[in-house]
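> sequence and predicted structure below; questions after.
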Amino acid sequence: MAAAQFAPLAANAAEYVGGTALELTSGIGANATAKSRAEKQDAAEREAAMNSGDACNQLEIEVPDVIELRRSAAGAPEYRELEIGETLAERQWLPLADSETNPDGWRPAVNFLQMNFTPPLGAVVPESASSFLAYTPSKFVTAADGDRLTAMTSNFGKPVGTFTWNGNYYHYVVTSTLPCFPPPPERIAQDVPAHSGF
């Protein structure tokens, strides 16, 4: 008899729990559907930009790794890594600086020039001007790796060779100018204390 008295309460509780679980599940399903739709839209926009024929649009999506090479005031080869960044006025190629570089991002190219470049870099580092080396992994692990190669080829030119670093192979190309955006502000070459670098 006591069990019969609690039956309506148990039924109401079960109905409430079931309804809440259904709402929660439908909410998760709606979120998953919206997320899937957003991911598909992002992928479509990415592919459209990569296939637009506008090389600068490709750099907005994926940027190959870019290094500026030059000789210091003392004549020693040095390099700095570059990225596309925002300045107050416009997008621009900017140096990456950290605790192992001088304030303008320069570091000695001691290890860099020993990375088994084929063909060798040789005279790529000129006496008085900078050269720019763009590179991407030779092995594609993700779609972004392929997009970086496309952006590199469209903006810097076809790869001219390969090099190895930490057991990985990379395609590279060397140019005398940077595409699409202004280069970093010119700085006077400074000697930098030796660090174990790239």
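Received it, and whenever you're ready, just let me know what you need.
> C-alpha from now on. contacts and neighbour counts both.
Fine.
> which residues does Val63 contact?
Neighbouring residues of Val63 by Cα atoms under 8 Å, 6 or more residues apart in numbering: Glu83, Ile84, Arg148, Ala151, Met152.
> how near is it to Tyr170?
Note on Val63: its distance to Tyr170, by Cα to Cα, to the nearest Å, is 15 Å.
> only alpha carbons, please: show whatever helix or strand Tyr169 lives in as CSV.
Assigned by DSSP states H and E, Tyr169 falls within strand 168-175. Provided in CSV are the C-alpha atoms of strand 168-175 (Å, rounded to 0.1, in the frame of the first residue of the first chain):
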residue,chain,number,x,y,z
ASN,A,168,63.2,16.2,-40.4
TYR,A,169,63.4,17.2,-44.0
TYR,A,170,62.3,20.7,-45.3
HIS,A,171,61.9,22.2,-48.7
TYR,A,172,63.4,25.7,-49.1
VAL,A,173,63.5,28.6,-51.5
VAL,A,174,65.7,31.8,-51.3
THR,A,175,64.6,35.3,-52.5
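> now that strand: mean pLDDT?
The pLDDT scores in strand 168-175 average 93.
> so what are the sheet partners of that strand and their directions?
strand 131-137 (antiparallel), strand 161-165 (antiparallel) (DSSP bridges).
> buried deepest among those strands, which one?
Comparing the strands paired with strand 168-175 by mean neighbour count (mean count of other Cα atoms under 10 Å), strand 131-137 ranks first with a mean of 23.
> helix or strand right after that strand?
Sequence-wise, the next helix or strand downstream of strand 131-137 (DSSP H and E) is helix 143-155.
> now do the strands in this protein.
Under the criterion DSSP state E, strands of the chain are mapped to 65-71, 77-86, 91-95, 107-108, 131-137, 161-165, 168-175.
> and the residue nearest to Trp93 when sequence neighbours are not counted, what does it touch?
Among residues not flanking Trp93 along the chain, Ile84 sits closest, at 4.5 Å (Cα to Cα, 6 or more residues apart in numbering). Ile84 is in contact with Val63, Arg91, Gln92, Trp93, Leu94, Phe181, counting by Cα under 8 Å, 6+ apart.
> ok, Asp145 next?
Contacts for Asp145 were tallied using Cα under 8 Å, 6+ apart; they are Thr136, Pro137, Lys139.
> tell me what the second one is bridged to.
Using DSSP bridges, the beta-bridge partners of Pro137 come out as Tyr170.
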